[in-house]
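Novice: curious how this folds, go ahead:
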Amino acid sequence: MERFSDFAEEEGPLEGGKVRLDSILNTEITITGFRIQASKYNGKNATGKCLTVQFEQNGERQVFFTGSDVLIHQFEKYGDRIPFLATLKKVDRYYTLS
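Specialist: I've put the predicted structure just below:
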């Protein structure tokens, strides 16, 4: 008999304690997962999407949420390279990975 986990395609929630994006600026983190979904707050950004990022810092797994169009674009383009090390930066009014 098969196990449900052998054929189920549903993704579970990203695990970790929630943190504010501003609290991890300019520090290196290990990106371990992400999810992009439709945003609950329509009109807040151009894409209409929300990004959830799972990362590890100091051996602790955490997540942050953002509507940053720049970060959403970067994860759509480079998300298949996970896991990777990155530093979150704030440049003027937007967030970016470096």
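
Novice: you'd agree residue 54 is in a strand?
Specialist: Yes - Residue 54 forms part of a strand when assessed by DSSP: H, G, I helix; E, B strand; the rest coil.

Novice: which residues touch it?
Specialist: Residue 54 is in contact with 14, 15, 16, 31, 32, 33, 34, 61, 62, 63, counting by CB atoms under 8 Å, 6 or more residues apart in numbering. For every residue, glycine as well, the C-beta is placed using N, CA and C.

Novice: can you tell me which two in these are farthest apart?
Specialist: Pairwise distances across the contacts of residue 54 peak at 14.3 Å for 15 and 31 (criterion: CB to CB).

Novice: compare those two (neighbour count), which wins?
Specialist: More neighbours surround residue 31 than the other of residue 15 and residue 31, with 20 against 11 (other CB atoms under 10 Å).

Novice: show me what that one is bridged to.
Specialist: Counting by DSSP bridges, residue 31 forms beta bridges with residue 55, residue 84.

Novice: kindly report the same for the one 4 residues further on.
Specialist: Listed by DSSP bridges, the beta-bridge partners for residue 35 are residue 52.

Novice: what is the burial count for residue 86?
Specialist: 18.

Novice: nearest spatial neighbour of it, skipping sequence neighbours?
Specialist: residue 97 (4.5 Å; CB to CB, 6 or more residues apart in numbering).

Novice: the one you found: neighbour count?
Specialist: Neighbours of residue 97 (other CB under 10 Å): 17.

Novice: low-confidence ranges in this structure?
Specialist: Low-confidence segments of the chain (pLDDT under 70): 10.

Novice: CA atoms of the helix ranked longest in it as PDB?
Specialist: Among all segments of the chain classified by DSSP state H, the helix with the greatest residue count is helix 69-78. Below are the C-alpha coordinates for helix 69-78, written out as PDB (Å, rounded to 0.1, in the frame of the first residue of the first chain):
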ATOM      1  CA  ASP A  69       8.900  43.600  -6.500                       C
ATOM      2  CA  VAL A  70      12.700  43.600  -6.800                       C
ATOM      3  CA  LEU A  71      13.000  40.600  -4.400                       C
ATOM      4  CA  ILE A  72      10.100  38.800  -6.100                       C
ATOM      5  CA  HIS A  73      11.800  39.200  -9.500                       C
ATOM      6  CA  GLN A  74      15.200  38.000  -8.000                       C
ATOM      7  CA  PHE A  75      13.600  34.900  -6.500                       C
ATOM      8  CA  GLU A  76      11.700  34.100  -9.700                       C
ATOM      9  CA  LYS A  77      15.000  34.300 -11.600                       C
ATOM     10  CA  TYR A  78      17.400  32.700  -9.200                       C
END
